[in-house]
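# Provide a 3D model corresponding to the input given below.
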Amino acid sequence: MKRKIYFTSVLLSFLLVSCGNTNNYGYPSKIAFDKMGGGKICSGTSSCYSIDINDYQGNGNAILSQGENDTIIATCDWLSVKFRKSTGAQLKMTALPNTTGKKRTLYVTGWVDDSFADIKVIQY
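Numbering: from 1, shown residues only. The predicted model follows:
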């Protein structure tokens, strides 16, 4: 009897751990832009309801603005992210040209359900 209870509790703990999101909601974990910048579309399996853009230390001053057709635009430094709130699972990222000659990195956090998708954005 103890063996069955032990087996059941171990099996249940594995099932509960597997319920967590490990696939970044289908979004890529890393995106790279060349020095010319431009735009890229990232698709996922779930739509975001908010976006944050930060540097490595978590500092960010992303400005959110409302576009047409329920579009939200988040802008921070050289990167802007456009998405439709709660409809469609696409993020359109646009990077300005890199004239610094140095690699630069920002982190995009898309809030989905009660969790989030993280995307590291690099520009060379």
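
# Return the helix or strand in this structure with minimum mean pLDDT.
One helix or strand of the chain scores below all others by mean pLDDT, DSSP states H and E: helix 2-18, with a mean of 45.

# next SSE after that helix?
Following helix 2-18 in sequence order, the next helix or strand is strand 30-33 (DSSP states H and E).

# now this protein, which segments are flagged as low pLDDT?
Applying pLDDT under 70 to the chain flags residues 1-22, 86.

# Could you check how far G110 is from N98?
Counting by CB to CB, to the nearest Å, the gap from G110 to N98 is 23 Å. For every residue, glycine as well, the C-beta is placed using N, CA and C.

# who has more neighbours, the two?
Between G110 and N98, counted using other CB atoms under 10 Å, the more crowded position is G110 (26 against 17).

# Now do the contacts for that one.
G110 makes contact with Y25, Y27, G44, C48, S50, I51, F83, L91, F116, A117, D118, I119 under the criterion CB atoms under 8 Å, 6 or more residues apart in numbering.

# Can you tell me which of these is closest to F33?
I119 (12.2 Å; CB to CB).

# Okay, and that closest one sits in which element?
Going by DSSP H and E, I119 is part of strand 115-123.

# what's the answer for F83, then?
F83 belongs to strand 79-84, assigned by DSSP H and E.

# Could you check the helix or strand following that strand and say which residues are buried?
Toward the C-terminus, strand 79-84 is succeeded by strand 90-95 as the next helix or strand (DSSP H and E). By neighbour count on 16 or more other CB atoms under 10 Å, the buried set for strand 90-95 is L91, M93, T94, A95.

# ok, the first one to T100 distance?
Just to be clear, that refers to L91. 24 Å.
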